[in-house]
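K.L.:
Would you be able to build a 3D model of this:
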Amino acid sequence: MPEGVGPAAVPPPEGFVRVRMSVAYDGTPFHGFARNPDVVTVQSELEDTLAQVLRHPVTVTGAGRTDAGVHARGQVVSFDADESHFEPSALSRAMNRMLGPTIAVDNIEAAPPTFDARFSCTGRSYRYHVFNRSVIDPLTRHFTWHVRDRLDTDAMQRASEEIVGTHDFTSFSKRNKSRPEQTFVRTVREARWRRSAEAVSKDIVFFEITAGAFTHQMVRSLVGLCVEIGRGRRRVEDMGEVLGALSRDAAPSPAPSRGLVLWRAHYD
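P.N.:
Residues are numbered from 1 along each chain as shown. This next block holds a predicted model:
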């Protein structure tokens with residue numbers, strides 16, 4: 001079974017259809033994706049709005065559980081809908097009217113009965129955006145990390161090549177104390193840095209990374225070290241040494257959440 005893929009989901013009850021839906025959101029006002037008591041999350045907004053439109057309770061499963069302030073362009077969710085109330089185009093219009101402008105939904109369609117947005121997902125791609133200029137850009141400040149020092153993207157790219165493949169990412173992971181048995185071994189398929197030539201500002205440097213699954217804060221922690229390398233404060237060789245240390249204390253603080261975007265969920 002590929003990394004990140006779990007058991008097939010239980011089919012929907014009789015009279016219901018399994019639904020797949022693409023979701024994009026500005027994570028700034030939300031306390032992450034997953035529903036939490038007494039705070040506004042993307043999942044709670046989706047479930048509450050779907051329940052109003054479909055006229056029955058809805059539980060949503062997401063391809064990835066983004067943290068507070070993290071955005072998404074390619075989040076995918078699945079849920080069960082009463083067939084008698086399910087009409088994709090009408091559902092899309094109602095959801096976007098009620099959820100916009102911070103959340104948008106698209107590509108709503110019936111899925112196979114055992115489809116699960118999380119466990120059927122074979123990989124996730126994230127992008128992290130750094131605004132690299134001495135003066136901040138007010139128009140991108142909610143979606144980028146402002147780094148004033150000029151970054152050496154060639155050094156950052158060489159460092160990121162060290163993480164491609166299967167490794168133990170303990171040094172780059174936030175440990176869940178309630179799960180002492182958890183593993184931090186992950187397989188990174190691609191990791192690269194480049195300076196944008198197409199974005200609104202050519203001062204945006206972004207990191208693209210794809211893996212079957214990620215640990216908590218893994219991407220932001222990798223970005224934190226890469227930026228230190230790009231600033232000249234750490235060596236390219238430090239990436240391999242930090243990775244091999246298997247200690248969270250070996251890595252610098254994670255990059256801010258606002259620069260991170262769940263870019264795509266893969267379903268092979």
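K.L.:
give me the number of residues near Glu208?
P.N.:
Using other Cβ atoms under 10 Å, Glu208 has 16 neighbouring residues. Quick note: C-beta positions are derived from backbone N, CA and C, even for glycine.
K.L.:
Where does it sit: helix, strand or coil?
P.N.:
Recorded secondary structure, Glu208: strand (DSSP: H, G, I helix; E, B strand; the rest coil).
K.L.:
for it, what are its contacts?
P.N.:
By Cβ atoms under 8 Å, 6 or more residues apart in numbering, the contact set of Glu208 is Ser125, Tyr126, Arg127, Glu190, Ala191, Arg192, Trp193, Arg194, Trp263.
K.L.:
and the residues you listed as TSV, adding distance to Phe169?
P.N.:
Output for the contacts of Glu208, formatted as TSV (distance: Cβ to Cβ, whole Å):
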residue	distance to Phe169
Ser125	17
Tyr126	14
Arg127	18
Glu190	15
Ala191	12
Arg192	17
Trp193	18
Arg194	22
Trp263	19
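K.L.:
filter those residues to the buried ones?
P.N.:
By neighbour count, with 16 or more other Cβ atoms under 10 Å, these hold Ser125, Tyr126, Arg127, Ala191, Trp193, Trp263 as buried.
K.L.:
Now intersect these with the helices, please.
P.N.:
Using DSSP state H, no member of the buried ones among the contacts of Glu208 sits in helices.
K.L.:
Out of those residues, the closest to Met98 would be?
P.N.:
Trp263 (25.2 Å; Cβ to Cβ).
K.L.:
was I right about that closest one contacting Gln75?
P.N.:
No: judged on Cβ atoms under 8 Å, Trp263 makes no contact with Gln75 at a distance of 9.6 Å.
K.L.:
Could you give the average pLDDT over stretch 165-182?
P.N.:
Per-residue pLDDT over stretch 165-182 has a mean of 86.
K.L.:
Provide the contact partners of that stretch at residue level.
P.N.:
With Cβ under 8 Å, 6+ apart as the contact definition, stretch 165-182 has outside contacts at 163, 183-188, 215-218, 221-222, 225, 242-243, 245-248, 250-251.
K.L.:
In helices, which of these fall?
P.N.:
Among the contacts of stretch 165-182, the members found in helices (DSSP H) are Met218, Ser221, Leu222, Leu225, Val242, Leu243, Ala245.
K.L.:
For Arg133, state which of those is nearest.
P.N.:
Using Cβ to Cβ, Leu225 is the member of the ones in helices among the contacts of stretch 165-182 that sits closest to Arg133, with 21.5 Å.
K.L.:
who's in contact with that closest one?
P.N.:
Ala159, Phe172, Arg234, Asp238, Met239, Val242, Ala251, Pro252.
K.L.:
Now, the contacts of Glu208 that are in strands?
P.N.:
The strands, defined by DSSP state E, take in Ser125, Tyr126, Arg127, Glu190, Ala191, Arg192, Trp193, Arg194, Trp263 from the contacts of Glu208.
K.L.:
Identify the bridge partners of the third one.
P.N.:
Arg127 forms beta bridges with Glu208, Val261, as assigned by DSSP bridges.
K.L.:
ok, back up a step: min pLDDT across the ones in strands among the contacts of Glu208, which one?
P.N.:
Arg194 (91).
K.L.:
Next one: it relative to Val185, how far apart?
P.N.:
Going from Arg194 to Val185 by Cβ to Cβ, to the nearest Å gives 27 Å.
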